[in-house]
Every structure is written in C-alpha cells, then in structure tokens.
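# Below: sequence and its predicted model.
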Amino acid sequence: MSLDLKKSLPIYSDPIVLRQGDTNVGILVHVFDNSTPKNLENLHIEFHADKPDVTTIDDDEQSHFTIGTDKESFTYTVPDELTDASGSTTNTYFKIGNDSTSDFYIHILTKSGMEKLESGDYISKVDRIFNHVMSDYAAINDISATGKGTFDTALADSKKEMKDLMDNLNAEYVQFINSKTTDFNTFLANLDSQATDVKAKYTALKAQLDALEVPVNAVGTNLLLGTSKTLNTVTNATGWNTNLPVYQASMKKVDSDTTYTARAWISPASNYMCVQVVWKDASGNEHFGGGNWISAGTSGYSTWTGTIPAGNIIDRVAIVFSDQQSTASSVSYCETKLEKGSIATDWCPNPAEILTQSDYAKIKANQPDLSGFQKASDVQTAITNALSDVNAKVKELETKIDKLS
C-alpha cells in the first residue's frame, strides 16, 4: 500500500485483510511526502494500532522494519498479537522520524475455533526489558556453571606439578635416607611443611580470584576502534552526521546469528539524535538499527540491541540525527561502544588500542591485595635452595660413612 505524510490527502481506503491467527505477516508500504516519494534512509519507524478489543499495538522494534532497496519503501512484519481479535483496527498509522502517515485500516477476519482467543497488548519496549532480564539470568548461571570449574582445573594442574616434583625428589634419595640417617627425614618434613604452606596460599589466592570473577567478566569487549571516554564537542554538525565520527569495528564478519548492543552518550543542542548500527547482507543491502532518541537540549545514553544474521558484515556505528539537518548545530558525545550480548556494560577501549595512564591507574585500583602471598619466583627459589641443602646433607653423610668404614 501507499501512505502519505500529508494528512490532508485522502485516507488510504482499501483495508488490509488478515485472518485470526495469521503469523509472520509482512506489509509492503510505499511512503510519500505530499505525493513525492520519501527517502527513508536512517529514519526511525514505529507502528501504532488500536485493536478491535480496545487493546493496543505500539511497536518501535527496528528489526520489524526492513527498508527496501529503493530507500522509499519498507516491509513491516506485524507482531502475532495483532491478529488475536477479529474486527477492524482504528487509529492505525506509522510514525516516520518526527512525522506520521495518514491513517489506514486492518480488518481481521474471524477464524473458526478462535472466537474465544484471549487477546492482549503488544508494547515492544516492555518486551525488550523482559528479554534483558532473562539474558542477565542466563549470564549469571553461565558464570556459575563454567567460571569456577575452569579455575579449579588450573589449580589442580599446579598442585600435580608440585607433587610430581616432591615424588621425584623422594624417589632419588629414599633408599639412602631410610637406611643411613634420621636427619634427612627431619629435613624432608620441613620441606613438606613449606610445600603445604604454598598450597594453602594457592587456595587463599583462588578464593580472592573467585570473588573477582563476576565483576571482571561483566565488562564486555568494545568492538569499535577509536572511541573515547573523554567528552568531545562538535559545533558544526549537519546532514545525518556530517563532521561527527563514524566508527569501524575491529571484527566485521558475523559468523553466526549474534546479538549485539551499541551504546553512546549524546548531548544534542538542537535536534533528536540516536546511536545507529549499519550492517550489510550478502547482497550488499544495508540494514539499520537505531537506539532510543535523545531529545534536543537533553543528554543521556542511546542504546540499541538487536540480532545480526550470520554472513552479514558490520559496516559502521555512528550517532545520527532523526532528519537531515541543513543548519549546523552543536553535539557533545563520548563512550561509544559495540559489544556482543544484550546488556550494555561500562565503556572500555578496544583491546587492540594502547592503554592510557588513567587506564593503568584504574586497573591497579581494582587489583586484589596480594600482600603476604609468595610469588612464583619465590617458590621456585625456595625449592632450588632446598635441593642445594639436600645435596649438602648427602655429601656430609657420605663423608661420615667413609670415615666409619
């Protein structure tokens, strides 16, 4: 169907006809502005409808809107909740950027056996909040199930290496020690006591590292290059994002269907802005994901979460205006980040970028207090000294035996 942003033009009179229970329905929409085709590139699209049973559909999930190659049309995949109740919708329209289309109608035919189907509202923002909560729950369970086991395995390997060292030491001298001297047994007891002390300190260190495990893993890797925590201000921003940065990802190809989250702190002086992710499919078609809008004269985080299909290429991430701007204005921004998963975590630089002095200071401030623990080099020195003492004792005993004989 064709819809116009000029409300005074005749309303679209032919209703779209669906049947109760229809799923995965796509509606192709051509958009005009006063009878002229409208360029939809980089525009945020929403759908609103009041259903026949007085429940509501409010959908701003951008993955439901696929822009056509002509940039003047889009296909809208309607939520299944739209076809729960039979009858005709009212107050039905699309919001395009800061404007909206003329109204149209969707008529839902009754399907036999579904007359008593319970209908309900569909609010995409609430749906995303629920998905975030469930993602947090799954992430915590994953850390609990896998993180501690990984450290236990490494600790067990370290204990085995120490035991092998002790066993080899005992095997080399056991016959001589058992038959010739009790002094040597006393020395071995002291050495074993030192080894026990080292093992105890390994256990204590493991406990401290376990306590740090969740906060360390909770910060996701920033996939973007060239971002900064420092607040930057551009005074001559125009167009969609002229004179504003466009960030490239260090990892571009998506090997399997993956959920990503992008976030940026934005303070626009005169116009609505949001963070935007652009990716291309195998045919080179561009797909856009836009975050929540930050209104003029305010500031805050714009966040987008969505799934990019396997085989697609992450093209760029930027902060963009809701409409092309012909008049320059001031925009402040910082902390732009793209990461895997559905949760936005604190900003950090890309691992490929050099840490600054402030980054080192932050890492140092969050290090555990390891005072009182021996370093690996200290343990090795103690073992080397012990072996030297063993050799000295052996030579001393051999000398005594030679004199007795």
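Everything's here; your move.
# low-scoring stretches of the stretch 251-400 of the chain, by residue?
Low-confidence segments of the stretch 251-400 of the chain (pLDDT under 70): 354-361, 363-379.
# can you do 90?
Along the stretch 251-400 of the chain, the model assigns pLDDT under 90 to residues 251-252, 351-400.
# Show me where it has its helices.
Ranges of helices in the stretch 251-400 of the chain, per DSSP state H, counting those that start in this stretch, are 357-365, 376-404.
# Buried residues of the last one, list them for me.
Read that as helix 376-404. Going by neighbour count (16 or more other C-beta atoms under 10 Å), the buried part of helix 376-404 is 379, 382-383, 386, 390, 393-394, 397. For glycine as for every other residue, the C-beta is placed from the backbone atoms N, C-alpha and C.
# Adding distance to residue 21, write those out as a markdown table.
Shown next, in a markdown table, are the buried residues of helix 376-404 (distance: C-beta to C-beta, whole Å):
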| residue | distance to residue 21 |
| --- | --- |
| 379 | 69 |
| 382 | 75 |
| 383 | 74 |
| 386 | 78 |
| 390 | 83 |
| 393 | 88 |
| 394 | 88 |
| 397 | 92 |
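# Just give me the closest of these to residue 258.
residue 379 (42.6 Å; C-beta to C-beta).
# before we move on, the earlier item: quick check: of the buried residues of helix 376-404, which lies closest to residue 339?
Using C-beta to C-beta, the buried residues of helix 376-404 come closest to residue 339 at residue 379, 38.0 Å.
# separation between residue 250 and residue 110?
54 Å (C-beta to C-beta, to the nearest Å).
# Same question for residue 207.
Applying C-beta to C-beta to residue 207 and residue 110 gives a distance of 64 Å.
# One more: residue 28?
Taking C-beta to C-beta, one finds residue 28 at 25 Å from residue 110.
# so where's the longest strand in this protein?
strand 325-340 (DSSP state E).
# Doesn't residue 198 belong to a helix?
Yes - if the criterion is DSSP: H, G, I helix; E, B strand; the rest coil, then residue 198 is within a helix.
# Could you check how far residue 226 is from residue 277?
Counting by C-beta to C-beta - residue 226 and residue 277 are separated by 16 Å.
# quick one, which of those two is more surrounded?
Between residue 226 and residue 277, residue 277 has the larger neighbour count (other C-beta atoms under 10 Å), namely 24 against 12.
# Double-check the more buried one against residue 317; I have them as touching.
Yes - with contact defined as C-beta atoms under 8 Å, residue 277 reaches residue 317; the gap is 5.3 Å.
# Identify the contacts common to these two.
Common contacts of residue 277 and residue 317 (C-beta atoms under 8 Å, 6 or more residues apart in numbering): 262, 338.
# ok now do residue 229, which residues does it touch?
334-335, 347.
# next one: residue 45
Residues in contact with residue 45 (C-beta under 8 Å, 6+ apart) are 60, 62, 65, 74, 76, 94-96.
# Return the set of residues that bridge with it.
Beta-bridge partners of residue 45, counted by DSSP bridges, are residue 96.
# how near is it to residue 341?
25 Å.
# Also residue 58?
Distance, residue 58 to residue 341, by C-beta to C-beta: 26 Å.
# what do you get for residue 18?
Counting by C-beta to C-beta, the gap from residue 18 to residue 341 is 35 Å.
# hmm, back to that, is it possible to mark the buried ones in the contacts of residue 45?
Applying 16+ other C-beta under 10 Å to these, the neighbour count classes 60, 62, 65, 74, 76, 94-96 as buried.
# With secondary structure as added columns, please give the residues you listed in TSV.
Below are these laid out as TSV (three-state DSSP):
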residue	secondary structure
60	coil
62	helix
65	strand
74	strand
76	strand
94	strand
95	strand
96	strand
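# What is the nearest of those residues to residue 283?
Nearest to residue 283 among those, with distances taken as C-beta to C-beta, is residue 74, at 16.6 Å.
# Was I right to think the closest one contacts residue 64?
No - using C-beta under 8 Å, residue 74 is not in contact with residue 64, being 9.7 Å away.
# hmm, back to that, out of residue 207 and residue 110, which sits in the more crowded spot?
Applying other C-beta under 10 Å to residue 207 and residue 110 shows that residue 110 carries more neighbours, namely 13 against 9.
# ok, that one - contacts?
19-20, 86.
# Which of those residues are buried? Put it as a ChimeraX command.
Buried residues within those, by 16+ other C-beta under 10 Å, are selected in ChimeraX with:
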select :20,86
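# Which of the contacts of residue 110 sits closest to residue 190?
The closest of those, once distances to residue 190 are taken by C-beta to C-beta, is residue 20, at 83.6 Å.
# Spatially, and excluding backbone neighbours, which residue is closest to the closest one.
Excluding the flanking residues, the one nearest residue 20 by C-beta to C-beta, 6 or more residues apart in numbering is residue 111, at 3.9 Å.
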